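> The following block contains a protein sequence and its predicted model.
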Amino acid sequence: MRLLMLGGTEFVGRAITEDAVSRGWEVTVFHRGRHAPPPGTTAVHGDRTAPGGLAALAEGEWDLVVDTWGDAPTAVRDSARLLAGRAGHYAYVSSRSVYSYPAPAGLGEDGPLVEGSADADAVAYAEDKRGGELAAVEAFGDRALLVRAGLILGPYENVGRLPWWLNRAARGGPMLAPGPRDLPIQYIDVRDLAAWTLDAAAAGLGGPYNLVSPVGHATMAGFLEACVAATGSDAELRWTDPAVLQEAGVAPWTELPVWTGLGEPHDHMYGGDVSKALAAGLKCRPVARTVADTWAWLRSLDCVAPQRSDRPAPGLGAEREAALLGL
């Protein structure tokens, strides 16, 4: 297989690229040159947002294109149009954020979607991802695979969610744990996303697929206990009622990464129906393995994870946490 990876040097793109190389595929990585691509690839440079930025892709043929773009849909539009006659399949890594809020628990791929346009400049994350989907389908039709990922965790994470929890657990001591303990969470290990995307595209699948672990695959307790176990610290999880956190004004998702609280936000984020992807071969590794492997990677970086410049670093300040715990 000949893969053209648009991006391929950070987090999701890097995991997909490394998986493809491990299969013996011929991989071309198109990127801006800010980070080194994985070994075993051919790199070509360009800036999709600049006039003439796709010039390096004017020639060449590929069996598969994978695109993770999450900004202005026009970049997906221009890339897909340019490559439609020279690539067999186009896999666009989208997001479950494209579903209109609030999405009820159990929602499948036929749920209502936010508005989007392939010709739009950057609007907001959900609308931009929907516009990217439309751009891919416009150019490739049923040869476009729309990978609607949920929360993505694992090595190379540059958003800071799991790295923050791991570093917090490593610090030890009383540790605020947002309840309830058995609150289900859905996520996808970036390596499982990579493997499924390449398998599905190689099999010729098209259309939208929710890509996240099944409901019940993990809970907040399993996730946080895995963080403590992986770091080998003496952290003591102090489970805190969601009502207490709400009363204190603690921001779900940002101050306490991964945790959404209860009700509509939780159902929207962690209630997706993934039966279609499971039927198409999705396999999800245990949360303990995702956490342990991420900690091993993080330690290789002296516990300082890369942080995307367009995303604020998440996490609860130490003083605020202590106050919430009454310390």
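Nice, I can see it. Small disclaimer: the values here were computed from a predicted structure and weren't measured.
> wait, doesn't Ala118 sit right on Ala72?
No. Ala118 lies out of contact with Ala72 (CB atoms under 8 Å); the separation is 10.2 Å. Where you see a C-beta, it was placed from the backbone N, CA and C, and this is true even at glycine.
> hey, what's in contact with both of these two?
Residues touching both Ala118 and Ala72 (CB atoms under 8 Å, 6 or more residues apart in numbering) are Gly131.
> Quick one: residues contacting Gly132.
67, 69-70, 73, 76, 92, 94, 116, 118.
> Now those in JSON lines, please, with extra columns for secondary structure, neighbour count and pLDDT.
Formatted as JSON lines, these follow (DSSP: H, G, I helix; E, B strand; the rest coil; neighbours: other CB atoms under 10 Å; pLDDT from 0 to 100):
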{"residue": "Asp67", "secondary structure": "strand", "neighbour count": "27", "pLDDT": "98"}
{"residue": "Trp69", "secondary structure": "coil", "neighbour count": "23", "pLDDT": "96"}
{"residue": "Gly70", "secondary structure": "coil", "neighbour count": "20", "pLDDT": "92"}
{"residue": "Pro73", "secondary structure": "helix", "neighbour count": "27", "pLDDT": "97"}
{"residue": "Val76", "secondary structure": "helix", "neighbour count": "30", "pLDDT": "98"}
{"residue": "Tyr92", "secondary structure": "strand", "neighbour count": "28", "pLDDT": "98"}
{"residue": "Ser94", "secondary structure": "strand", "neighbour count": "27", "pLDDT": "98"}
{"residue": "Gly116", "secondary structure": "coil", "neighbour count": "20", "pLDDT": "96"}
{"residue": "Ala118", "secondary structure": "coil", "neighbour count": "21", "pLDDT": "97"}
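> Of the residues you listed, which is the nearest to Glu157?
Nearest to Glu157 out of these is Gly70 (CB to CB; 14.9 Å).
> got a list of what the closest one touches?
95, 125, 128-129, 132.
> out of these, which is most surrounded?
Of all the contacts of Gly70, Gly132 has the most neighbours under the rule other CB atoms under 10 Å, reaching 32 neighbours.
> so where does that one fall, helix or strand?
helix 125-140 (DSSP states H and E).
> try Asp273
Using DSSP H and E, no element contains Asp273; it sits outside every helix and strand.
> Nearest residue to it in space, please, no chain neighbours.
Gly108 (4.3 Å; CB to CB, 6 or more residues apart in numbering).
> So what's the residue count around that neighbour?
14.
> can you tell me which helix or strand it belongs to?
Here Gly108 is assigned to no helix or strand, by DSSP H and E.
> That one reaches Lys276, doesn't it?
Yes. At 6.9 Å, Gly108 and Lys276 qualify as touching, with contact defined as CB under 8 Å.
> Report the set of residues contacting both of the two.
The contact lists of Gly108 and Lys276 share Asn210, where a contact means CB under 8 Å, 6+ apart.
> who's in contact with the residue nearest the centre of the chain?
With distances taken as CA atoms, centre = their mean, Ile152 lies nearest the centre of the chain, 3.4 Å away. Each residue near Ile152 by CB under 8 Å, 6+ apart is listed here: 11-12, 159, 187-190, 193.
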